[in-house]
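> here is a sequence together with a model predicted from it:
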Amino acid sequence: MTTLFIKNMVCNRCIMVVQNELDKFDLEVKNIRLGEAILDKEPTTEEKDKLEKALILLGFEVIDDRKSLIIEKIKNIIIDLVHHQDNDTKKNLSDILSCKLHHDYNYLSNLFSEIEGTTIEKYFIAQKIEKVKELLVYDELSLSEIAFRLNYSSVAYLSNQFKKVTGLTPSHFKQIREDKRKSLDKV
């Protein structure tokens, strides 16, 4: 068995697209999840080169170096926490990352900042704000329900963070989205 680490896998659709590419090359997949595909056997150099080229065309990239791999794992853990789990955990992000990646958080934080040019915390906040936007657009939850679901201590804290990142209040963002949707309906 061998594991391919793949950059830019962020959702279930990405998993499906990568799975389809692997199937095209007749590579037996044991397991596939965000950021990695476990194959039954090592692909030949020629298969790997062709696969890498095909994945690049789809916006993905096979990762070979250790530092990039750690960065991608950090991103995948954060994306999974924010977008794919009802985040009912009260553990700190630093504890979650350290535990899952078996590295000291200071090392992970410094590496992430060095490679990405931003902090893990800012990346985490950006992902949470994207999730807030998504939930506001769906219009199924109140702002206090969104704040609770994403482990904000209060609606005020969520609103302040949202405004700091987007420049808009959540209600103004929602209004703009509704206005755009209405104008499209008139077309």
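Sure, I can see it.
> and stretch 25-33, what's buried?
Of the residues in stretch 25-33, 27, 32 count as buried by neighbour count, 16 or more other C-beta atoms under 10 Å. The C-beta positions use only the backbone N, C-alpha and C, and glycine is treated the same way.
> ok, stretch 96-109 next?
97, 98, 103, 105, 108, 109.
> so the first one makes contact with residue 105?
Yes. Applying C-beta atoms under 8 Å as the test, residue 97 and residue 105 come out as touching, 6.2 Å apart.
> nearest residue to residue 98 other than its sequence neighbours?
residue 105 (4.7 Å; C-beta to C-beta, 6 or more residues apart in numbering).
> which SS class is residue 126?
With DSSP: H, G, I helix; E, B strand; the rest coil as the basis, residue 126 sits in helix.
> so who does it touch?
residue 165 (C-beta atoms under 8 Å, 6 or more residues apart in numbering).
> and it, how far is that from residue 120?
Applying C-beta to C-beta, to the nearest Å, the value for residue 126 to residue 120 is 11 Å.
> OK, contacts around residue 123?
Neighbouring residues of residue 123 by C-beta under 8 Å, 6+ apart: 74, 75, 78, 112, 116.
> what's the spacing between the residue nearest to residue 98 and residue 74?
10 Å.
> now residue 91
Counting by C-beta to C-beta - residue 91 and residue 74 are separated by 15 Å.
> check residue 152 too.
Distance from residue 152 to residue 74, counting by C-beta to C-beta: 22 Å.
> compare neighbour counts for these two and give me the winner.
Using other C-beta atoms under 10 Å as the criterion, residue 152 and residue 74 rank with residue 74 on top: 25 against 20.
> all helices of this protein, in order?
Remark: helices assigned in the chain by DSSP state H are 12-24, 45-57, 66-79, 93-101, 105-116, 120-138, 143-149, 155-166, 170-185.
> break the chain into its domains for me.
What automatic domain parsing lists as the domains of the chain is 2-64, 69-179.
> need those domains in TSV with mean pLDDT, can you?
Output for those, formatted as TSV (pLDDT from 0 to 100):
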stretch	mean pLDDT
domain 2-64	90
domain 69-179	90
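> how far does stretch 26-33 sit from the chain's center?
21 Å (C-alpha atoms, centre = their mean, to the nearest Å).
> with distance to residue 36 added, can I get the helices of the chain in a markdown table?
As requested, those are exported to a markdown table (distance: least, C-beta to C-beta, whole Å):
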| stretch | distance to residue 36 |
| --- | --- |
| helix 12-24 | 10 |
| helix 45-57 | 13 |
| helix 66-79 | 8 |
| helix 93-101 | 13 |
| helix 105-116 | 18 |
| helix 120-138 | 19 |
| helix 143-149 | 27 |
| helix 155-166 | 29 |
| helix 170-185 | 34 |
